[in-house]
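Peer 1: predicted coordinates and the sequence they were generated for:
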Amino acid sequence: MTHGEATQPLLRVEGVTKRFGSVTALQGVSFEMRQGEILGLVGDNGAGKSTLIKILSGNFPADEGELFFEGNRIRFRSPTDARRLGIETVYQDLAICNNLDASANLFIGREIERRVLGLRVLDHPQMTATAERVLQKVGVGMPPIREKVHYMSGGQRQAVALGRFVAWGRKLTLLDEPTAAIGVRETALVLDLIRATRSENVGIILISHNLQQVFEIVDRILVLRHGEVAGIRDRDATTPDEIVSLITGALFARSHSRSKTHDIAEPKGA
């Protein structure tokens with residue numbers, strides 16, 4: 001089944017609002033996405049993109065609004081609740097532990113255990129073998145698997161974070177600037193990886209400031225501006241210029257200006 005054939009939305013967000021003290025980070029955000037769809041999430045700094053991702057991943061609750069996943073209303077108490085539903089998140093700040101190796105980072109909260117003389121111990125060989133396969137699929141050149149993340153380059157650290165998306169993103173994956181710290185070759189590999197994951201009917205929300213990449217890979221684009229939805233566009237029915245106008249507010253300003261001019265020019269009583 002392709003992303004256009006789903007009988008119901010994979011994710012439905014209705015009127016989500018989030019405040020931090022006197023600051024409103026999100027205001028009445030609503031949208032839907034389908035299984036196997038790649039939804040680009042764009043907006044200027046402070047538009048509310050990361051706040052929305054953190055609500056969808058269970059890091060904190062919305063103050064108002066509802067979330068529905070596979071048709072069921074959901075209310076996360078923690079990121080663990082989101083992961084249990086098959087929602088995986090890769091943050092721009094990576095959220096990895098520098099004092100652990102790649103394998104340990106990949107399996108945080110999902111450690112594999114085995115019994116030795118009646119005692120439960122971590123199954124390091126199995127986790128290491130799995131981590132090696134996953135990171136090979138990511139395609140970024142890596143040091144020995146047991147080397148601590150602290151000694152890795154930015155691109156290698158990003159690869160470790162992306163490994164979670166490859167290994168655990170069963171239904172919906174939230175990617176916050178996944179190519180920000182890697183080179184051109186590695187970026188092409190990651191985009192191919194996203195396409196391959198979509199073909200497995202996994203939904204993906206991709207945050208990116210790189211509109212060229214967004215237009216290369218997404219199905220639709222959701223634009224946030226000042227915490228509100230400025231527009232949702234099918235990729236093939238819009239242009240980078242229109243998306244930039246939505247991000248900056250220029251499109252609204254032009255429409256508002258034309259409306260005001262029309263109101264002034266129209267004869268009274270017409």
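Peer 2: It's in.
Peer 1: Leu206: what secondary structure?
Peer 2: Secondary structure state of Leu206, per DSSP: H, G, I helix; E, B strand; the rest coil, is strand.
Peer 1: same question, Val134
Peer 2: Classification of Val134 using three-state DSSP returns helix.
Peer 1: also Gln126?
Peer 2: With three-state DSSP as the criterion, Gln126 reads helix.
Peer 1: hmm, it is touching Glu113, no?
Peer 2: No - using Cβ atoms under 8 Å, Gln126 makes no contact with Glu113, being 9.6 Å away. Quick note: C-beta positions are derived from backbone N, CA and C, even for glycine.
Peer 1: how about the contacts made by Gly65?
Peer 2: Counting by Cβ atoms under 8 Å, 6 or more residues apart in numbering, Gly65 touches 13-17, 28-30.
Peer 1: helices of the stretch 151-270 of the chain, start to end?
Peer 2: 154-168, 184-199, 211-217, 240-248, 250-265 (DSSP state H, counting those that start in this stretch).
Peer 1: what is the third one packed up against?
Peer 2: With contacts defined as 3 or more Cβ pairs under 8 Å, 6 or more residues apart in numbering; DSSP states H and E, the packing partners of helix 211-217 are strand 38-42, helix 184-199, helix 240-248.
Peer 1: sorry, back to before: give me the buried subset of the contacts of Gly65.
Peer 2: Among the contacts of Gly65, those scoring as buried are 13-14, 16-17, 29 (criterion: 16 or more other Cβ atoms under 10 Å).
Peer 1: out of those, who's nearest Arg73?
Peer 2: Comparing those against Arg73 with Cβ to Cβ picks out Glu14 as the nearest, at 9.6 Å.
Peer 1: ok, and the closest non-adjacent residue to the closest one?
Peer 2: Glu66 (4.6 Å; Cβ to Cβ, 6 or more residues apart in numbering).
Peer 1: hang on, that neighbour packs against Leu11?
Peer 2: No - contact between Glu66 and Leu11 fails when scored by Cβ under 8 Å: they sit 11.5 Å apart.
Peer 1: with neighbour numbers in mind, choose between these two.
Peer 2: Leu11 (22 against 14; other Cβ atoms under 10 Å).
Peer 1: in this structure the more buried one contacts Met33, no?
Peer 2: Yes - contact criterion Cβ under 8 Å: Leu11 and Met33 qualify, at 5.0 Å.
Peer 1: so what sits against both of these two?
Peer 2: Gly203.
Peer 1: out of the helices of the stretch 151-270 of the chain, flag the one nearest Val223.
Peer 2: helix 240-248 (4.2 Å).
Peer 1: any idea how far stretch 90-106 is from the chain center?
Peer 2: What separates the centre of stretch 90-106 from the centre of its chain is 17 Å, taken as Cα atoms, centre = their mean, to the nearest Å.
Peer 1: which positions in that stretch come out as buried?
Peer 2: For stretch 90-106, by 16+ other Cβ under 10 Å, it's 90-92, 94, 96, 100-106.
Peer 1: for stretch 107-124, same thing?
Peer 2: Using 16+ other Cβ under 10 Å as the test for burial, stretch 107-124 gives 107, 123-124.
Peer 1: please apply the same query to stretch 16-25.
Peer 2: Buried residues in stretch 16-25 (16+ other Cβ under 10 Å): 16-18, 24-25.
Peer 1: pick the one among the residues you listed closest to Thr173.
Peer 2: Val16 (19.3 Å).
Peer 1: name the SS class of that closest one, please.
Peer 2: With three-state DSSP as the basis, Val16 sits in strand.
Peer 1: same question for the one 10 residues further on.
Peer 2: Taking three-state DSSP as the rule, one finds Leu26 in the strand state.
Peer 1: residues touching it, list them.
Peer 2: 16-18, 48, 51-52, 55, 62, 227-228.
Peer 1: and Ile145, by the same measure?
Peer 2: Ile145 sits in contact with 101-103, 128, 131-132, 135, where contact means Cβ under 8 Å, 6+ apart.
Peer 1: where does confidence bottom out across those?
Peer 2: For the contacts of Ile145, the least confident position by pLDDT is Leu135, scoring 81.
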